[in-house]
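In: when you get a sec, could you give me coordinates for this:
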Amino acid sequence: MSVRTTLPLGFADLEPFVEQWAGATVDARMYARASADMAGIRRFYEVAVARGAEALEYCAQFPLDAMPDDAALLFRLMLGLAQASIAVEIHGQPRAPGTPWPNSITLQRGPSPFG
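Out: Numbering: from 1, shown residues only. Below you'll find the model as predicted:
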């Protein structure tokens, strides 16, 4: 009996990060970064960066508005990597220095279909 995963076959090493980082909206993915600790952000960042090119290559075979559910989830996870990279590469912490948290910023709509 095989175990069904939420991501496409071959990406099981990214499964532990789906719940936190593959939010359906940019707001959810920003919240994932802002509410995480740096150790967790770095763990995700290191694994996702190592698999990023392969993941995006996999996703590129489908139109954005017609991705199968598993590919769309993988794509959202890579969008979560964009958030994690801000913390690791720019701020050195989950949120921009000197910004309040939580804040009152709410994105009403991001880019379709992964807004």
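
In: quick one: buried residues of the strand or helix carrying Ala53?
Out: Secondary structure from DSSP states H and E places Ala53 in helix 38-59. Using 16 or more other C-beta atoms under 10 Å as the test for burial, helix 38-59 gives 40-41, 44-45, 48, 51-52, 55, 58-59. Bear in mind the C-beta positions are built from the backbone N, C-alpha and C, glycine included.

In: can you pull the contacts of the residue sitting nearest the centre point of the chain?
Out: Residue closest to the mean C-alpha point of the chain, counted by C-alpha atoms, centre = their mean, is Gly80 at 1.8 Å. With contact set as C-beta atoms under 8 Å, 6 or more residues apart in numbering, Gly80 has these partners: 17, 20-23, 29, 32, 44, 48.

In: what do you get if the cut-off is 6 Å, keeping everything else the same?
Out: By C-beta atoms under 6 Å, 6 or more residues apart in numbering, the contact list for Gly80 reads 21-22, 29.

In: what's in contact with stretch 9-22?
Out: Stretch 9-22 is contacted from outside by 5-7, 32, 44, 73, 76-77, 80, using C-beta under 6 Å, 6+ apart.

In: how far does that stretch sit from the chain's center?
Out: 9 Å (C-alpha atoms, centre = their mean, to the nearest Å).

In: for Leu7, what are phi and psi?
Out: phi -100, psi 160 (degrees, to the nearest 10).

In: please name the nearest non-neighbouring residue to it.
Out: What sits nearest to Leu7 in space, not counting adjacent residues and going by C-beta to C-beta, 6 or more residues apart in numbering, is Leu74, at 5.3 Å.
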